[in-house]
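>>> fold the following and give me the result.
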Amino acid sequence: MPSPYVRRRRLAAELRKLREERDMTADELARFVYQSRTKITRLENGQVRPDLAEIMDMLDRLAVTGRQYDKIVRLARDSAERGWWDSFGDTMGPRQKLYADLESGADTIRSYNQTAFPAVLQTPDFINALVDLDQRQGPLDYRPERMTDARTHRQRRLLHPEGPTYDAVLDECMIHRLAVPPAVKAAQLRHLIEVVTDEDRITVWILPADQPIPGGFLPKASFFLYTFPEAADPPLAVVDTVTTDLVLTKRNDLSRYISLYDRLREAALSPNDSLAFLQRLADRLSEQAGSGA
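Numbers count the residues shown, from 1 in each chain. Take a look at the predicted model:
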């Protein structure tokens, strides 16, 4: 299914264009279509799931017809779709809902992972270890068991025959610095190797800790790049910060992150060498766990 989030952003742009073509302010449009100004603003910012009947009524009042009418109605219908993640409510966490939404319609996903292994490739034991770390930082905004179930759903989407291609650059520092028990981390590494070996659509590059990254500054955060099958659905970047995820769609912003990703991948080990690196590290961690160190 198309990503409802992406379609809401397209719908928002169409509604804003519609208002500007009629030389109306948000207040004037709200009065004309018998809606609140807050509702119009939230629709134009893509912050609310649209009500299809209300959108159709708005188009009728604005005398929108023909292909433009059909286009906006289709966008509104797609924007209002509910995915499997909506059945979780807030229990899976708002940030994970955004990623699940984007993944549902993605054609390609590229990621730079500075703080954790890709969520869609994590084992249940590794997820539990991350939850334990998260709980030490304060109250959780999700239910751990539901969040784990949600990540399982995301993995099914990724591994589905019609799922997206997934390329991930993993920073070696992240692998060493995550305070996860050695045995759990070793199992996570072996799971990652197995999935990447079995799935041609998934590729992992390891960025060595001692490898210079020429061409510019170092990345300041983990980030994700998405493209979608329909050309009209714009590509976007999501930047992972401590408290929120920043969604970027402006061409200049995207170009900078695409260029940064290309630099990171060029500096990383080849896919085959990356898997060999992960295998050696998993073996060392297993030995460490066995020795009780």
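
>>> gap between the residue nearest in space to the middle of the chain and P164?
The centre of the chain sits closest to Y99, judged by CA atoms, centre = their mean, with a distance of 3.3 Å. Noted for Y99: a distance of 12 Å to P164, by CB to CB, to the nearest Å. In short, each C-beta sits where N, CA and C put it, glycine included.

>>> picking that back up, for the residue nearest to the centre of the chain, phi and psi?
Main-chain torsions, Y99, degrees, to the nearest 10: phi -70, psi -40.

>>> so what's it up against?
Counting by CB atoms under 8 Å, 6 or more residues apart in numbering, Y99 touches A119, R154, F224, V238, D245.

>>> next one: Y166
Residues near Y166 by CB under 8 Å, 6+ apart: T108, I109, R110, S111, P118, V120, L158, R201, I202, T203.

>>> can you tell me the SS state at it?
The three-state label given to Y166 by DSSP: H, G, I helix; E, B strand; the rest coil is strand.

>>> what residues are bridge-paired with it?
The partner list for Y166 in beta bridges (DSSP bridges) reads I109, I202.

>>> show me where pLDDT drops low in the protein?
Applying pLDDT under 70 to the chain flags residues 291-293.

>>> in it, which spans are helices?
4-21, 26-32, 37-44, 52-61, 66-79, 94-105, 124-135, 144-159, 172-177, 182-198, 251-267, 271-291 (DSSP state H).

>>> and those as JSON lines, adding distance to Q211?
Formatted as JSON lines, the helices of the chain follow (distance: least, CB to CB, whole Å):
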{"stretch": "helix 4-21", "distance to Q211": "34"}
{"stretch": "helix 26-32", "distance to Q211": "50"}
{"stretch": "helix 37-44", "distance to Q211": "44"}
{"stretch": "helix 52-61", "distance to Q211": "51"}
{"stretch": "helix 66-79", "distance to Q211": "42"}
{"stretch": "helix 94-105", "distance to Q211": "28"}
{"stretch": "helix 124-135", "distance to Q211": "25"}
{"stretch": "helix 144-159", "distance to Q211": "27"}
{"stretch": "helix 172-177", "distance to Q211": "8"}
{"stretch": "helix 182-198", "distance to Q211": "19"}
{"stretch": "helix 251-267", "distance to Q211": "5"}
{"stretch": "helix 271-291", "distance to Q211": "12"}
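
>>> mind checking which of those helices is nearest D210?
Closest to D210 of the helices of the chain is helix 172-177 (CB to CB; 8.5 Å).

>>> now do the buried residues in the closest one.
Using 16 or more other CB atoms under 10 Å as the test for burial, helix 172-177 gives E172, M174, I175.

>>> export those to a markdown table and tack on distance to M58?
Formatted as a markdown table, the buried residues of helix 172-177 follow (distance: CB to CB, whole Å):
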| residue | distance to M58 |
| --- | --- |
| E172 | 52 |
| M174 | 47 |
| I175 | 51 |
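
>>> closest one of these to L254?
Ranked by distance to L254 (CB to CB), those are led by M174 at 24.0 Å.

>>> which residues touch R265?
R265 is in contact with D167, V169, W205, counting by CB under 8 Å, 6+ apart.

>>> and stretch 27-42, end to end?
Using CA to CA, to the nearest Å, the end-to-end distance of stretch 27-42 comes out at 13 Å.
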